[in-house]
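S.K.: Give the three-dimensional model of this entry:
(one chain, ligands or ions: 1)
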Amino acid sequence: MSGFDLTGLTASFGGERVIGPLSLRVQQGEKVALVGKSGAGKSTLMRLIHERVDRESSLVPQDLGLVNALPVFHNVFMGQLDKHSAWYSTVTLIRPFFRDRDKVREILQALGMSEKLWMPTASLSGGQRQRVAIARALYRNAPVLLADEPISALDGPMAHLVMQLLRQRFATSVIALHDVEMALKYCNRIVGIQDGQVALDEASDHLKAADIMSLY
Ligand SMILES: Nc1ncnc2c1ncn2[C@@H]1O[C@H](COP(=O)(O)OP(=O)(O)OP(=O)(O)O)[C@@H](O)[C@H]1O
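M.R.: The predicted structure is shown next:
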């Protein structure tokens, strides 16, 4: 599977409906930006999609989900934890295999931080930590990328580099973005969320930033 067709997506907190019911069909090759104001329901929708797509996806959650006590290498390696045996993962914890080191180093290099390979993740800056979560998703190399605000802590040039890399490496993606210009530049479909519903669903080519700002 490299696209998905989900129906009946709903989420409630404390008896209050915050998402749906809504449907979302994403075809292979689509790069979807989820946009909408803070609290509209983007992260909740992303979690619902991930629950259904799960092993077919590479996830970059908003809270990053890193293990601070472990070095960068091991956090990135976790992207493929479910593909290895317990034996392989235990050996890797103590003495990683060369092929895995090389692969992880190569991904970190593309993200401009190969020198951090063995650094404790806790010692990194916010933007560096965000890139470790992105590296983990790249290392997982699943058919679909699900990323929740993956460039929120990055400076301008690094944000563009990361968006280019994600576009190259994942045929199909759903990325929640606050930056409307980045959404238009790097995604070919814009889905706007308002009060837990799809309020806009258009090809990027047909939209200008001002059209999207009506959601805010
Ligand atoms: N664990 C939770 N418990 C209670 N309410 C929650 C919880 N998670 C989200 N919500 C509520 O659901 C709504 C949607 O939140 P969500 O995080 O999905 O929005 P968002 O569009 O991702 O916002 P942001 O852009 O600020 O990340 C908000 O009103 C939020 O308060």
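S.K.: how many neighbours does T7 have?
M.R.: T7 has 11 neighbours, counted by other C-beta atoms under 10 Å. Glycine gets a C-beta too; all of them are placed from N, C-alpha and C.
S.K.: doesn't it fall inside a helix?
M.R.: No. Under DSSP: H, G, I helix; E, B strand; the rest coil, T7 falls outside any helix and is assigned strand.
S.K.: Report how many residues lie close to the closest residue to it other than its chain neighbours.
M.R.: Distance criterion C-beta to C-beta, 6 or more residues apart in numbering; nearest residue to T7, sequence neighbours excluded, is S23 at 4.3 Å. Using other C-beta under 10 Å, S23 is surrounded by 11 other residues.
S.K.: and S23, helix, strand or coil?
M.R.: strand.
S.K.: That one contacts G8, doesn't it?
M.R.: Yes. Using C-beta atoms under 8 Å, S23 makes contact with G8 at a distance of 7.4 Å.
S.K.: that older thread, and the residue nearest to T7, what does it touch?
M.R.: Each residue near S23 by C-beta atoms under 8 Å, 6 or more residues apart in numbering is listed here: D5, L6, T7, G8, L9.
S.K.: pLDDT at the residue positioned nearest the centre of the chain, what is it?
M.R.: With distances taken as C-alpha atoms, centre = their mean, A147 lies nearest the centre of the chain, 1.8 Å away. A147 carries a pLDDT value of 98.
S.K.: Enumerate the beta-bridge partners assigned to it.
M.R.: Beta-bridge pairing of A147 under DSSP bridges involves V60, I175.
S.K.: What strand or helix carries the nearest residue to D155 once chain neighbours are set aside?
M.R.: Distances taken as C-beta to C-beta, 6+ apart place G127 nearest to D155, at 7.0 Å, with adjacent residues excluded. Applying DSSP states H and E as the criterion places G127 in helix 126-140.
S.K.: Outside of that helix itself, list whatever touches it.
M.R.: In contact with helix 126-140 (C-beta under 8 Å, 6+ apart) are residues 58-61, 64-66, 72, 75-80, 103-104, 107-108, 110-113, 116, 121, 124, 145, 147, 150-155, 158, 162, 165-166, 169.
S.K.: Repeat the analysis, applying 7 Å as the threshold.
M.R.: 58-60, 64-66, 72, 75-76, 78-80, 103-104, 107-108, 111, 113, 116, 121, 124, 145, 147, 150, 153-155, 158, 162, 169 (C-beta atoms under 7 Å, 6 or more residues apart in numbering).
S.K.: Tell me, please, the helix or strand in this protein that averages the lowest pLDDT.
M.R.: None of the helices or strands of the chain scores lower by mean pLDDT, DSSP states H and E than helix 86-94, at a mean of 90.
S.K.: That one: how far from the chain's middle?
M.R.: 26 Å (C-alpha atoms, centre = their mean, to the nearest Å).
S.K.: Equivalent analysis for stretch 44-53, please.
M.R.: Between the centre of stretch 44-53 and the centre of its chain there are 12 Å (C-alpha atoms, centre = their mean).
S.K.: Then stretch 141-157?
M.R.: For stretch 141-157, the distance to the chain centre is 5 Å (C-alpha atoms, centre = their mean).
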